[in-house]
Every structure is written in C-alpha cells, then in structure tokens.
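> predicted model and sequence follow; I will ask about them next.
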Amino acid sequence: MQWGLTMEHSILFDFINIMALQIPGLSKGPMGSADPIVKGMIPAAFGIMFISIGLNLLNALIKRKMVDQDKVKRLLKETRAWQKERMAAFKSKDQEKTDELNKKSAYMNKMNMEIMQMNMRPMMITFLPLILVFYFVLPPLFSYTVAVSPISLNFIPGGFFELTCTAAKVAESQLPGHPNVCHHVNELYFWAWYFLSSAAFSGIIMRVTKTTMDTS
C-alpha cells in the first residue's frame, strides 16, 4: 500500500527529520548539557515546546509558500478514490473491474511520486536548519532530560529509538567517567520531548496554516 494513500506526507517527512537526530556519527555522545543555560525541568519543557511549535510553524509557512496545496489535495483525492475503488473491487472479487483499475496503476504511481516530490521541496530547505538547531543550539540550552514519563516510551526493540531513560542508562550514568545523563527511569530525553511536542502540535499548526493533507 502506498504511503501517499495511507498517511499524510507531512507526517512522514516530519518523522524523517526527527530520525536525523539518531543518525550515528552526528553526535559524539548524549545530547544535552550537564550545566544547561535553562535550569529546571519545567522551564526546559516549556522552552522546548515553544521551540517545537516555532519550527513547526516555520515548516508549515515554507510549505504553504512552496507547495500548491490545491494541486496536492486534488491529486491525493484522485489517488485515494482510485485506491478505495480498487480495494472494493478486490474484496468483491470483481476481477474485470480489478484488471481495469490496475491499468491505471502506472498513472497513479506517477501522481503519487509527484505528490512526494512536491512535499520534499520544503524539507530540502528545513532539513539543514533543523540539524543545526539540534546539534549547535539546543544542547547547550537544555539538560539531557527535561521531563518524566509515567511509563516507558521505548516501544521500538533494539534500543535504536529510545525516548526515555532505562534502568541500565541510569546505572551507567552513575559510573565514573560517564556523563550524568539519566537520574531516574523513564526520564524523557530533551530531543524526545521535542519529538512528542512536535507531534502534538503539528496537526493544529497544519490546520491553522491550511497545509493539512485532509481531502474532505
């Protein structure tokens, strides 16, 4: 099933931007400061939240300026209608209808690729500033962890995309020669709090700036 038919492209590209924070080699250690400029969890949590809102708003305004929203919505509406019709034909085992719709697959794939290319243009502009902000601006401002979660948010196995401190990380932080990153289990890393804040407000910002991919 094609990405463009199952989820908003903007969410996909936001996730790609966030995943850049986890690229090996871009950071020599945990992101944050042992002596941050912004002191305390509450000021840090609100500070990162406002930064995430600001960057989301900037991304949305750039996207609104560079992308023909009416064209994107028209293409999405057409491709989603085709996908829905093809699925209905498949479920009803109408082979003749399925074959007829499959003849348009190449055309629909072309349209879907065009949608992705249109949405990638703003990302090419915002990607580098996001990386620069995260690796040169935010680490000195904030501590390693800025909030506490009631539960673990490390749902992806393998430890590749950890949002909260584990017991092992807390123990490691107490060892000589290791940065004092985690004080308690389930503390949220500052970039993870940004990720959650960004996800929480991105939908609202897209609706306010009229950059949502909702075709209804």
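Received the coordinates, thanks.
> off-centre distance for the longest helix along the chain?
Assignment by DSSP state H gives helix 105-132 as the longest helix of the chain. Centre-to-centre, helix 105-132 and its host chain are 14 Å apart (Cα atoms, centre = their mean, to the nearest Å).
> now swap in stretch 181-190 and tell me
21 Å.
> which SSE is the residue lying farthest from the centre of the chain in?
In the chain, the residue that sits farthest from the middle, by Cα atoms, centre = their mean, is residue 96; the gap is 40.2 Å. Assigned by DSSP states H and E, residue 96 belongs to helix 95-102.
> what's the offset of stretch 86-103 from the middle of its chain?
34 Å.
> still on that earlier bit, can you check what angle separates the longest helix of the chain from helix 95-102?
50 degrees (axes from the mean of the first three to the mean of the last three Cα atoms, to 10 degrees).
> list the buried residues for stretch 105-120?
Buried residues in stretch 105-120, counted by 16 or more other Cβ atoms under 10 Å: 108, 111-112, 115, 118-119. C-beta here means a position set from N, CA and C on the backbone, and glycine is covered the same way.
> most widely separated two among the residues you listed?
Farthest apart among those by Cβ to Cβ are 108 and 119. That separation is 16.7 Å.
> quick one: which helix or strand includes residue 77?
helix 69-91.
> show me what that helix is packed up against.
helix 3-6, helix 95-102, helix 105-132 (3 or more Cβ pairs under 8 Å, 6 or more residues apart in numbering; DSSP states H and E).
> next, the buried residues of that helix.
For helix 69-91, the neighbour count (16+ other Cβ under 10 Å) marks 72-73, 75-76, 79-80, 82-83, 86, 89 as buried.
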